[in-house]
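Trainee: Here's my sequence, what's the structure:
(one chain, ligands or ions: 1)
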Amino acid sequence: MVTAMELRSFKVRAADDHVRVVTGDTSGDSGTDLLGAHAQAVISAAAPLFEELSARVGAELRALSYNGDDDALRVAPTPGSTFDPSALTIRGEDLAPHVPALKTIARAILGELRAMAGDSRGPAPSGDRKEDATTEDGSKDWEALYRRGFTGWELSRPAPPLASYFEASPPAGSRTLIVGCGRGNEARLLAGLGAKVTAIDIAPTAIEQAKAIASPHPIEYREADVFKLRGEPPAFDLVIEHTCFCAIDPARRDDFVAAVADALVPGGALVGLFFAHGREGGPPFTVTEEELRARFSPAFEIEHLAVAGNSVITRRGDELLARFVRR
Ligand SMILES: C[S@@+](CC[C@H](N)C(=O)[O-])C[C@H]1O[C@@H](n2cnc3c(N)ncnc32)[C@H](O)[C@@H]1O
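Mentor: Purely as a prediction, here's the structure:
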């Protein structure tokens, strides 16, 4: 079973202990009902949001939903109440204060889905799946995770902040390197926008699975270690980073910066989405804006570094969109 999964929408019904969720993976979207103790755990996680919204409308709300397609929080009618639920659709800037509560609910849902799938380890602090596959030197055994299908970090589509960034300024013709490409979600995005894409990953099964996903545009997939780019002649105009930096041992971050710097021609850019979740441990290992500036600025001009606006709900507010230009 492949556990790559993104939470697309959910509906929490406290009145009848029922939670309905829609998740997406590489084979499309599917719905799941959480009942009994699984539903109750999610309803408990949703209790503060129910309380807050009930106080706001002056009626006891017992059902709410979040839909990732239009990024909106809605409430359902409460029997006997005069409150009109259609008056309460929260989205855009109004959603921001509720994001922490929505993330709490989303993580509870992911934890229950994993428990239902027979994984008793529960959710990682990031909401991603925490696995115990390690190599002999204690680092993460990515190949083992792909072989076991334990790839809960994967969105099964390009990360929305990267998709909007590149759709607004397509990198047509750029020689583009994607590091830690996984199953190639960003590789297909960039190739579709006209970039000449080389995508590397250290895990052979990731590369095999990426190659097996059809793309109408050519992509060169390679099994390779990002650290081996060190000292190679610069060959790329663009490097894309998405959850590779957070996957590596923090002690190797300067090596990562040096490898990416070596891969880029002067004036070339690193465009990345860095995970700044602020929790201890990993992977995924967190990073701060200050650390990124300190590590990258000797070799790169920091053109843009700010919290991404349209991250998926489980990572909202935790991702830094970066554009660093090679000096
Ligand atoms: C958290 S996953 C992210 C995968 C993909 N970017 C995504 O978002 O779905 C981290 C990826 O980095 C790869 N990786 C880890 N260390 C690497 C290295 N030294 N060189 C290349 N890839 C590496 C792993 O195999 C894994 O595919």
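Trainee: immediately after the lengthiest helix in the chain, which helix or strand?
Mentor: Counting by DSSP state H, the longest helix found in the chain is helix 36-57. Later in the chain than helix 36-57, the nearest helix or strand by DSSP states H and E is strand 63-67.
Trainee: how about that following strand: buried residues?
Mentor: Buried residues in strand 63-67, counted by 16 or more other C-beta atoms under 10 Å: 63-64, 66-67. To be clear about C-beta, it is placed using only N, CA and C from the backbone, and glycine gets the same treatment.
Trainee: Next: stretch 211-229.
Mentor: For stretch 211-229, a neighbour-count test (16+ other C-beta under 10 Å) marks 215, 219, 221, 224, 226, 229 as buried.
Trainee: among the buried residues of strand 63-67, which are in reach of the ligand?
Mentor: Contacts with the ligand are made by none of these, judged by C-beta under 6 Å from any ligand atom.
Trainee: What is the longest helix of the chain packed up against?
Mentor: With contacts defined as 3 or more C-beta pairs under 8 Å, 6 or more residues apart in numbering; DSSP states H and E, the packing partners of helix 36-57 are strand 6-13, strand 18-25, strand 63-67, helix 99-116.
Trainee: could I get those as CSV with mean pLDDT?
Mentor: Formatted as CSV, the helices and strands packed on helix 36-57 follow (pLDDT from 0 to 100):
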stretch, mean pLDDT
strand 6-13, 94
strand 18-25, 92
strand 63-67, 96
helix 99-116, 93
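Trainee: closest to Phe166 out of those?
Mentor: Among these, the nearest to Phe166 by C-beta to C-beta is strand 6-13 (19.0 Å).
Trainee: anything in that closest one near the ligand?
Mentor: No: Strand 6-13 does not reach the ligand (C-beta under 6 Å from any ligand atom); its nearest approach is 10.4 Å.
Trainee: Neighbouring strands - and their directions - for that strand?
Mentor: Its sheet considered, strand 6-13 pairs with strand 18-25 (antiparallel), strand 63-67 (antiparallel) by DSSP bridges.
Trainee: Quick check: residues of the stretch 51-200 of the chain near the ligand?
Mentor: Counting by C-beta under 6 Å from any ligand atom, the stretch 51-200 of the chain comes close to the ligand at 142, 153-154, 179-182, 185, 200.
Trainee: Let's have the buried residues of stretch 211-229 in TSV, adding secondary structure.
Mentor: Below are the buried residues of stretch 211-229 laid out as TSV (DSSP: H, G, I helix; E, B strand; the rest coil):
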residue	secondary structure
Ser215	coil
Ile219	strand
Tyr221	strand
Ala224	coil
Val226	helix
Leu229	helix
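Trainee: wait, which of those is closest to Ala101?
Mentor: Ranked by distance to Ala101 (C-beta to C-beta), the buried residues of stretch 211-229 are led by Val226 at 36.7 Å.
Trainee: was I right about that closest one contacting Cys244?
Mentor: Yes: the criterion here is C-beta atoms under 8 Å, and Val226 meets it with Cys244 at 6.6 Å.
Trainee: shared neighbours, these two?
Mentor: Here Val226 and Cys244 have 179-180 as joint contacts, going by C-beta atoms under 8 Å, 6 or more residues apart in numbering.
Trainee: now the helices and strands packed on helix 36-57 in a markdown table, with distance to Leu34?
Mentor: Putting those into a markdown table (distance: least, C-beta to C-beta, whole Å) gives the following:
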| stretch | distance to Leu34 |
| --- | --- |
| strand 6-13 | 9 |
| strand 18-25 | 4 |
| strand 63-67 | 14 |
| helix 99-116 | 6 |
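Trainee: quick one, strands of the stretch 201-327 of the chain?
Mentor: Along the stretch 201-327 of the chain, the segments classed as strands by DSSP state E, counting those that start in this stretch run 219-223, 236-242, 264-275, 300-307, 319-326.
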